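K.L.:
Turn this into a structure:
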Amino acid sequence: MTQATFPKLLSSQIAFDIAHTILDGFDRHYTLFRQASKTAKTWFERADWTTAQQAARKRIDFYDKRVQECVHALEDEYAPEDLDDDTWRETKLHYIGLLTDHKRPELAESFFNSVCCHILHRSYYRNDFIFVRPAVSTEYIETDEPAPTYRVYYPAADGLRFSLRRMVTNFQLDCAFADLDRDIALVEARMVEHFGLHEREPNQQLHVLSSLFFRNKAAYIVGRAINGAREHPFVVPILHDRAGRLVLDAVLTDPEQVILLFSFTRAYFMVDMEVPSAFVQFLRSLMPKKPRSEIYTILGLQKQGKTLFYRDFLQHLKHSSDAFRIAPGIRGLVMLVFELPSFPYVFKVIKDFYPPPKETTRARIKEKYLLVKHHDRVGRMADTLEYSDVAFPLSRFDEELLAELRRFAPSLVDIEGDHIVIKHLYIERRMVPLNIYLDRAQRSGDDDLIEHGVFEYGNAIRDLVAANIFPGDMLYKNFGVTRHGRVVFYDYDEIEYLTDCNFRDIPQPRNEEDEMAAEPWYPIGKHDVFPEQFARFLLANPKIRAAFMKHHAALLTRVWWQSHKDRILAGELEDIFPYPQHIRFHLADPTNPATPSPQPHYLETLHNE
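P.N.:
Presented below is the predicted three-dimensional model:
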C-alpha cells in the first residue's frame with residue numbers, strides 16, 4: 001500500500017464505526033468472560049460445586065451471544081447498499097489499527113471473523129475481508145495488572161520450602177489449609193526426587209502462573225521448575241478435605257500427566273487471564289507438542305482454538321497430497337465419518353435420513369453434541385469442533401467418499417468449481433475404534449491388550465455415569481482408544497442424562513409362551529434400561545467376557561446403576577481425578593477428616609496414564 005493511497009482507503013466513517021462496534025462487542029464479551037472466570041475462585045473457596053459447574057457451562061455460551069448482539073446491531077444500523085466491498089476492506093484496516101495496543105488482539109481478530117462470517121457470503125472468506133492470517137503480533141504483550149503473567153521464586157537463595165510456601169500463599173485463598181506445613185514438605189520431597197532440586201545449581205527457579213486453574217472440585221497451581229539448564233513442568237492440585245479445609249493433593253511431575261490434565265476429553269478450565277497469549281506461551285513451554293489451538297480451547301477460548309485449528313488445517317492441506325476417504329470401522333447409521341490419513345482428526349457429517357431402529361432428527365443430534373460441549377467430559381468424551389460452510393479441494397476426495405456424501409447427505413453438500421462445500425460438520429481427534437483395537441489384540445493373541453481395553457472400557461462407563469451421563473449405545477464401535485491407552489466415548493446421538501433413565505430388571509416370564517416369545521412380552525418405556533441385557537451384545541467373546549466379569553461385573557446389575565442415579569439425585573458430585581491415584585499424598589481414609597472424600601476403587605489402577 002503506497003502513502004498516496006492510504007488516506008483514500010481509510011476515508012469511510014461507516015467503516016470506522018463498524019470496526020468500533022465490533023471491537024466494543026468483543027471487549028464486552030471478554031469482560032464478562034473474565035468476570036465469570038474470576039468467580040470460580042469464590043465458588044472453590046465455598047466448595048459450591050453446583051454453582052461452579054453452572055457458571056462454567058454458562059460461560060461457554062457467552063461468545064455466541066455477543067456475536068449475535070453485534071450482528072443485530074450492525075444489521076439494524078446499516079442498509080446493505082451502504083456496505084460495499086471497499087467498505088468491508090476498510091473496516092478490517094481500521095480494526096487492525098484499533099488493535100495496536102490491545103491485550104488480546106488474536107481473540108479480537110477471531111471475534112471480527114465470527115461477526116463478518118454471519119453477515120458476508122462465503123466468497124468473502126478471504127484475507128482482504130477477514131483475518132485468514134493473523135495481522136497483529138501477540139509476542140511480548142505486557143500485562144497492566146499488578147500481578148505479572150507468572151511469578152518467579154528462587155529456591156537457591158530463599159530455600160525450596162520457603163519458596164513453595166510463598167508459591168501457595170500468594171494465591172490468597174480465603175479458606176484454611178488442614179496442614180500446609182505438612183503438605184509443603186510433601187511437595188518439596190517430590191520435587192527434590194523428580195527434579196534434583198537438592199543440587200545447588202546457580203540457576204534454580206520456580207515459575208508459576210499468577211492465576212489458579214479451576215475445574216470441578218479442584219484448583220491447580222501450574223508452573224515449571226528450572227534447575228540449571230533443565231526445565232520441568234509441574235502442577236499442584238488443591239482440594240477440599242472432608243472437614244472443608246484445603247490440602248495439596250499431589251505434584252504432577254511427569255509431562256504426560258500434565259498433558260492429560262489439559263486433554264481434549266476434559267472440561268474447560270476457569271482461569272483469569274488479562275493476556276491469554278502469554279498464558280498459552282507459558283503452557284506451550286510445558287507441553288511443546290500440544291497445538292496452540294488445543295491450549296486456547298482448554299482455557300475456555302474455544303473460538304480462538306477453532307481459528308487456529310483451521311489455519312493449521314489449511315497449512316496441512318497445502319503441504320500434503322493424500323486423499324480424503326471414508327474412515328475405517330463400522331459405518332454408523334447417523335453419521336458419515338471421513339478422514340485425511342495424514343491428518344490426526346476425523347470429519348463427521350450428519351446424514352439426511354436414518355434407517356430403523358434410529359428415531360431421531362438432525363436438530364436432536366445437534367442438541368446431543370451441544371449437551372456434551374456444555375457438560376463435564378471427565379476425560380471420557382471427546383470435544384468436538386463445529387464448523388459451517390467448509391470448502392475442501394474437490395480433487396482430494398476419493399470417488400467412494402463423494403458417492404457416500406451425495407447419497408446420504410445431499411442437503412449438506414455443494415460443488416462450487418473445484419471445491420466441495422460441506423455446510424455443517426464436526427471435527428474430532430482421531431482414535432482407534434475400540435472394536436478394531438480388541439479385534440487386533442485378539443488376532444495377535446495379546447490377552448493383556450484385551451484386558452486393558454475391556455478394563456478401560458468399563459472405567460470409561462463408570463466415569464460417564466459419575467458425571468450423570470448414560471452413553472445409550474454402548475457398543476465398542478462407539479468408543480475409541482487414545483494414544484495414551486485411554487478409552488473415550490465419541491458417539492453422542494443416543495446419550496441421555498443418567499437421571500432421566502429408568503433402570504429395570506427383566507421380569508420373570510409368567511408362562512412358557514412368555515419364555516419362548518421372540519419379542520419382549522412386557523412393556524418397555526422410552527427411557528427403560530435393562531443392564532443385564534448388556535452381556536448379550538457385549539460379551540459374546542469368551543476372553544472379553546472373562547476380562548469384563550473380572551473388573552466390571554457390577555455394570556450388569558440394575559442395583560449398581562440405580563445406586564449411582566440415586567446419589568446424583570441426592571446432589572452428590574463424585575470425584576473423578578485427572579491424574580493417577582498412586583501419586584496422591586492423601587488417599588482417602590474414612591476415619592480421618594483431613595483427607596479428601598473416598599474414591600472408587602477402580603481409579604487406583606490408572607497406571608497406564
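K.L.:
Could you double-check that Phe214 sits in contact with Thr39?
P.N.:
No: judged on Cβ atoms under 8 Å, Phe214 makes no contact with Thr39 at a distance of 9.5 Å. No exception for glycine: its C-beta is placed from N, CA and C like everyone else's.
K.L.:
And these two? Which one has more around it.
P.N.:
Each of Phe214 and Thr39 has its neighbours counted (other Cβ atoms under 10 Å); Phe214 has more, 25 against 17.
K.L.:
that's a helix at the more buried one, yeah?
P.N.:
No: read with DSSP: H, G, I helix; E, B strand; the rest coil, Phe214 is strand and lies in no helix.
K.L.:
List the contacts of it.
P.N.:
40-41, 43-44, 52, 220, 269-271 (Cβ atoms under 8 Å, 6 or more residues apart in numbering).
K.L.:
so the nearest residue in space to it that is not next to it in sequence is in which element?
P.N.:
Nearest non-adjacent residue to Phe214, counting by Cβ to Cβ, 6 or more residues apart in numbering: Ala40, 3.8 Å away. Ala40 is part of helix 13-46 when elements are defined by DSSP states H and E.
K.L.:
Repeat that for Ser110.
P.N.:
helix 105-119.
K.L.:
tell me the mean pLDDT over that helix?
P.N.:
For helix 105-119, the mean per-residue pLDDT is 96.
K.L.:
Now do that helix: which elements does it pack against?
P.N.:
helix 13-46, helix 49-77, helix 85-98, helix 276-286, helix 302-318 (3 or more Cβ pairs under 8 Å, 6 or more residues apart in numbering; DSSP states H and E).
K.L.:
Nearest to Leu340 among those helices would be which one?
P.N.:
Leu340 lies closest to helix 302-318 among the helices and strands packed on helix 105-119, at 7.8 Å (Cβ to Cβ).
K.L.:
Which positions in that closest one come out as buried?
P.N.:
302-311, 313 (16 or more other Cβ atoms under 10 Å).
K.L.:
starting at the chain centroid, how far to it?
P.N.:
16 Å (Cα atoms, centre = their mean, to the nearest Å).
K.L.:
Next: stretch 211-221.
P.N.:
So, by Cα atoms, centre = their mean, the centroid of stretch 211-221 is 15 Å from its chain's centroid.
K.L.:
For the helices and strands packed on helix 105-119, give me TSV that also has distance to Phe548 and mean pLDDT.
P.N.:
Output for those, formatted as TSV (distance: least, Cβ to Cβ, whole Å; pLDDT from 0 to 100):
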stretch	distance to Phe548	mean pLDDT
helix 13-46	38	96
helix 49-77	31	95
helix 85-98	57	94
helix 276-286	37	97
helix 302-318	36	96
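K.L.:
Nearest the geometric middle of the chain, what residue?
P.N.:
Phe264 (3.9 Å; Cα atoms, centre = their mean).
K.L.:
Apart from its neighbours in sequence, what residue is nearest that one?
P.N.:
In this structure, Phe264 finds its nearest non-sequential neighbour in Asp383, 4.8 Å apart by Cβ to Cβ, 6+ apart.
K.L.:
rewinding a little: so for Ala178, which of the helices and strands packed on helix 105-119 sits nearest?
P.N.:
Using Cβ to Cβ, the helices and strands packed on helix 105-119 put helix 13-46 closest to Ala178, at 14.7 Å.
K.L.:
From the contact counts, what lies against the closest one?
P.N.:
Right, helix 13-46 is packed against helix 49-77, helix 85-98, helix 105-119, strand 213-215 by 3+ Cβ pairs under 8 Å, 6+ apart.
K.L.:
wait, which of those is closest to Tyr457?
P.N.:
strand 213-215 (24.5 Å).
K.L.:
any idea which helix or strand comes after that closest one?
P.N.:
In N-to-C order, the element after strand 213-215 by DSSP H and E is strand 218-227.
K.L.:
between the helix or strand just after that following strand and helix 276-286, how big is the angle?
P.N.:
Downstream of strand 218-227, the next assigned helix or strand under DSSP H and E is strand 230-240. Interaxial angle, strand 230-240 versus helix 276-286 (axes from the mean of the first three to the mean of the last three Cα atoms, to 10 degrees): 110 degrees.
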